[in-house]
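Student: only the shape, not the letters, is given here:
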């Protein structure tokens with residue numbers, strides 16, 4: 001006897017049949033059947049990601065795209081509206097849908113709808129359409145613009161080339177439209193595609209700033225679109241910022257007024273625009289009242305339960321970034337407490353979670369008062385919990401926050417951060433599949449291992465050292481850089497047992513290879529690591545002579561060839577530390593300094609003494625001082641060699657150096673020459 005189908009299986013089968021039937025009807029030759037099918041499809045997928053994916057797999061997007069093309073050929077307005085709306089629904093907040101729409105070739109046809117029925121009024125001509133009643137024209141144009149706006153909300157949307165004259169004319173025609181959806185599309189295109197200063201300048205030159213400014217007086221949607229577009233054009237472009245502020249006295253006032261708008265999104269976008277203007281051109285918006293207002297507005301907007309609340313925290317971070325005065329205002333507004341309260345809420349959306357952590361990171365980046373309040377409220381526990389969050393962006397933000405808080409020398413000295421609850425999850429993040437998480441974790445580790453009082457055994461015991469060494473050999477230069485930074489700080493003020501452990505794990509060949517890394521910033525950190533390695537007792541200096549001195553030779557080669565002051569500074573301080581050792585150490589440094597002289601070229605030490613960088617001149621003089629300390633047995637012969645190489649005469653010319661530190665070291669060196677009695681008179 002046959003077994004009856006279960007109700008769920010029967011329902012599923014029925015759903016598939018209905019969906020297949022719907023797909024058949026979309027391809028019907030009967031316009032009324034096709035119209036009803038398109039409307040039904042649109043209604044099913046609106047706001048339903050699961051349904052979008054289901055119909056995507058059935059091939060609905062190519063079918064709708066085909067329907068759109070056929071409707072254009074016959075100027076069937078109702079079908080154009082429904083097919084465009086269905087495509088827009090697929091694209092709305094769904095990258096797979098955007099990709100499918102673009103792959104189907106519908107993009108050009110959607111653009112053509114913007115000039116319906118007479119697309120020849122635009123420079124970009126897609127197809128010829130016959131005339132239809134004017135009341136339907138606007139509906140078709142609106143449907144096309146809405147669909148395109150959905151596409152331009154995705155990063156997968158095609159980038160628009162503003163630098164072509166016909167494209168700029170087309171964009172201006174969108175912005176000059178009386179249709180709000182069309183002007184909104186123009187703004188969306190700017191927001192998505194304007195990335196370079198050249199593009200910003202082209203938009204300014206074409207009068208786009210002036211047009212967007214006029215839209216600030218328009219409808220709510222036009223105000224929002226204009227604010228966001230203005231911020232895009234002005235960002236990191238002082239010329240555009242000044243043009244916007246100076247061209248119209250009313251422009252800046254309008255943005256300030258919109259920060260008091262009833263609509264929370266408008267208030268947020270106005271705040272973001274003001275932040276961009278201030279960050280780009282600091283001479284504007286210096287009034288303490290506006291700064292305070294922005295702080296309180298954004299803290300208030302954080303309470304919004306939707307997207308505005310999520311984005312407000314990112315705007316708040318941007319407002320505070322690198323600005324101690326604004327961080328102080330935020331602290332006085334109890335920002336730490338308010339952010340802490342938000343962080344305590346359960347089931348935070350990842351985007352909101354990330355934004356709050358980044359806002360706390362900026363707040364604690366400079367002020368000890370903020371860090372103290374952070375620790376007093378025990379926010380550290382909540383941030384540590386975020387290190388194991390399932391979303392990579394949240395883990396990254398937690399690491400960045402931890403890095404800011406751990407800048408506190410007072411709390412580092414007290415061992416507040418070298419605890420298993422912090423160190424173990426951080427070390428685990430060094431394995432993270434996300435490079436951004438690894439880099440952020442390395443940043444936090446670099447601070448935490450600068451541990452002034454307690455043993456660094458916690459970090460070493462959980463495998464932190466091995467992972468840092470592994471990452472210092474990564475193919476990614478950013479990972480190499482940050483891993484070396486961590487090793488450098490781990491080496492800082494370490495005892496000889498710790499130094500030996502680090503050196504044995506890293507090895508002399510690897511260290512010499514990092515000193516000669518293709519990336520200059522990696523070279524600098526590798527030299528800074530060696531500087532900390534050889535800082536201290538004579539035993540520490542011996543490390544650079546391991547394996548026939550390959551580390552010292554690598555340092556010499558880099559100093560001979562480098563043109564970057566930062567590399568020279570670190571390298572010369574390494575040589576200065578080595579020169580503070582015994583006679584063997586001093587002679588090894590002399591060999592490196594005079595190697596080029598012996599080969600008939602100018603010594604790098606002379607080039608460094610003549611540098612425009614005062615820190616490099618100081619480092620070079622320190623090396624000479626340590627080589628010529630009067631009590632050293634070989635000091636006199638070294639002074640003779642330095643004189644013959646022209647180094648002593650160069651130092652004499654620096655007695656009135658504009659840098660006080662250099663001037664003092666020069667006098668010390670000359671005093672030593674005089675005491676030794678050779679090469680100084």
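Tutor: Great, that's in hand. Source: prediction; values computed, not measured.
Student: contacts only, for the residue most central in space within the chain.
Tutor: Ranked by distance to the mean C-alpha position of the chain (CA atoms, centre = their mean), the top residue is residue 436 at 9.7 Å. Residue 436 sits next to 392, 393, 396 when contact means CB atoms under 8 Å, 6 or more residues apart in numbering. C-beta coordinates here come from the backbone N, C-alpha and C atoms, glycine included.
Student: let's have those residues in TSV, adding distance to residue 208 and pLDDT.
Tutor: Formatted as TSV, the contacts of residue 436 follow (distance: CB to CB, whole Å; pLDDT from 0 to 100):
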residue	distance to residue 208	pLDDT
392	36	97
393	32	97
396	35	98
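Student: where does residue 231 land on pLDDT?
Tutor: Confidence at residue 231, expressed as pLDDT, is 95.
Student: surely it touches residue 273?
Tutor: Yes: using CB atoms under 8 Å, residue 231 is in contact with residue 273, at 4.6 Å.
Student: neighbour count winner among those two?
Tutor: Shown here are residue 231 and residue 273; by other CB atoms under 10 Å, residue 273 has more neighbours (27 against 20).
Student: tell me where the model's unsure across the chain.
Tutor: 1-15, 117-136, 248-249, 451-456, 597-600, 678-681 (pLDDT under 70).
Student: domain boundaries for it, per the record?
Tutor: Using automatic domain parsing, the domain parsing of the chain gives 13-158, 406-497.
Student: out of those, flag the one nearest residue 578.
Tutor: The closest of the domains of the chain to residue 578 is domain 406-497. By CB to CB, the value is 15.4 Å.
Student: residue 57 is in contact with residue 19, correct?
Tutor: No: between residue 19 and residue 57 there is no contact under CB under 8 Å: 10.1 Å.
Student: just want to know which of those two has more residues nearby.
Tutor: The neighbour count for residue 19 versus residue 57, taken as other CB under 10 Å, is higher for residue 19 (17 against 8).
Student: now the more buried one. Nearest residue, chain neighbours left out?
Tutor: Computed as CB to CB, 6 or more residues apart in numbering, the closest residue to residue 19 that is not its neighbour in sequence is residue 58, at 6.2 Å.
Student: report how many residues lie close to the one you found.
Tutor: By other CB under 10 Å, the residues close to residue 58 number 14.
Student: name all residues that make contact with it.
Tutor: Residue 58 makes contacts with 19, 20, 23, as judged by CB under 8 Å, 6+ apart.
Student: ok, the residue lying closest to residue 583 once chain neighbours are set aside to residue 292 distance?
Tutor: Spatially, and ignoring its direct neighbours in sequence, residue 583 is nearest to residue 634 (5.4 Å; CB to CB, 6+ apart). The spacing between residue 634 and residue 292, counted by CB to CB, to the nearest Å, is 65 Å.
Student: picking up where we left off before, out of the contacts of residue 436, flag the one nearest to residue 80.
Tutor: residue 393 (39.6 Å).
Student: now do the closest residue in space to that closest one that isn't next to it in sequence against residue 441, distance only.
Tutor: Computed as CB to CB, 6+ apart, the closest residue to residue 393 that is not its neighbour in sequence is residue 354, at 4.8 Å. Remark: distance between residue 354 and residue 441 (CB to CB) = 15 Å.
Student: ok, the two, which is more surrounded?
Tutor: Counting neighbours by other CB under 10 Å for residue 354 and for residue 441 shows that residue 441 has the greater number, 31 against 25.
Student: contacts only, for the residue lying closest to that one once chain neighbours are set aside.
Tutor: Closest residue in space to residue 441, ignoring its immediate chain neighbours: residue 429 at 3.8 Å, by CB to CB, 6+ apart. Residues near residue 429 by CB under 8 Å, 6+ apart: 387, 395, 399, 437, 438, 440, 441.
Student: related to what we said a few turns ago, gap between the residue nearest to the centre of the chain and residue 400?
Tutor: Distance of residue 436 to residue 400, computed by CB to CB: 10 Å.
Student: next: residue 63.
Tutor: 46 Å.
Student: cool, and residue 580?
Tutor: 38 Å.
Student: repeat that for residue 372.
Tutor: Distance of residue 372 to residue 400, given as CB to CB: 19 Å.
Student: more neighbours, the two?
Tutor: residue 400 (23 against 15).
Student: check which helix or strand covers that one.
Tutor: For residue 400, the element it lies in under DSSP states H and E is helix 392-405.
Student: got it, and residue 261?
Tutor: Using DSSP H and E, no helix or strand contains residue 261.
Student: likewise for residue 138?
Tutor: According to DSSP H and E, residue 138 maps onto helix 134-152.
Student: go through the helix or strand that that helix is followed by and flag the buried ones.
Tutor: Moving toward the C-terminus from helix 134-152, the next helix or strand (DSSP H and E) is helix 165-175. Across helix 165-175, burial judged by 16 or more other CB atoms under 10 Å covers 167, 168, 170, 171, 172, 173, 174, 175.
Student: shouldn't the fourth one be in contact with residue 161?
Tutor: It refers to residue 171. No: counting by CB under 8 Å, residue 161 is not a contact partner of residue 171; they are 10.2 Å apart.
Student: so which elements touch the helix holding residue 138?
Tutor: helix 77-91, helix 95-103, helix 106-113, helix 180-193 (3 or more CB pairs under 8 Å, 6 or more residues apart in numbering; DSSP states H and E).
Student: helices or strands up against the third one?
Tutor: Other helices and strands packing on helix 106-113, by 3+ CB pairs under 8 Å, 6+ apart, are helix 60-74, helix 77-91, helix 134-152.
Student: hey, which of these is tucked in deepest?
Tutor: Among the helices and strands packed on helix 106-113, ranked by average contacts under mean count of other CB atoms under 10 Å, first place goes to helix 77-91 (a mean of 26).
Student: give me the angle between that helix and helix 60-74.
Tutor: For helix 77-91 against helix 60-74, the angle by axes from the mean of the first three to the mean of the last three CA atoms, to 10 degrees is 150 degrees.
Student: helices or strands up against helix 77-91?
Tutor: helix 31-45, helix 49-57, helix 60-74, helix 95-103, helix 106-113, helix 134-152.
Student: can you count the residues close to residue 207?
Tutor: Residues contacting residue 207 under the criterion other CB under 10 Å number 12.
Student: hey, where'd the helices end up in the stretch 151-300 of the chain?
Tutor: 165-175, 180-193, 197-205, 208-215, 220-234, 238-247, 249-258, 264-280, 288-301 (DSSP state H, counting those that start in this stretch).
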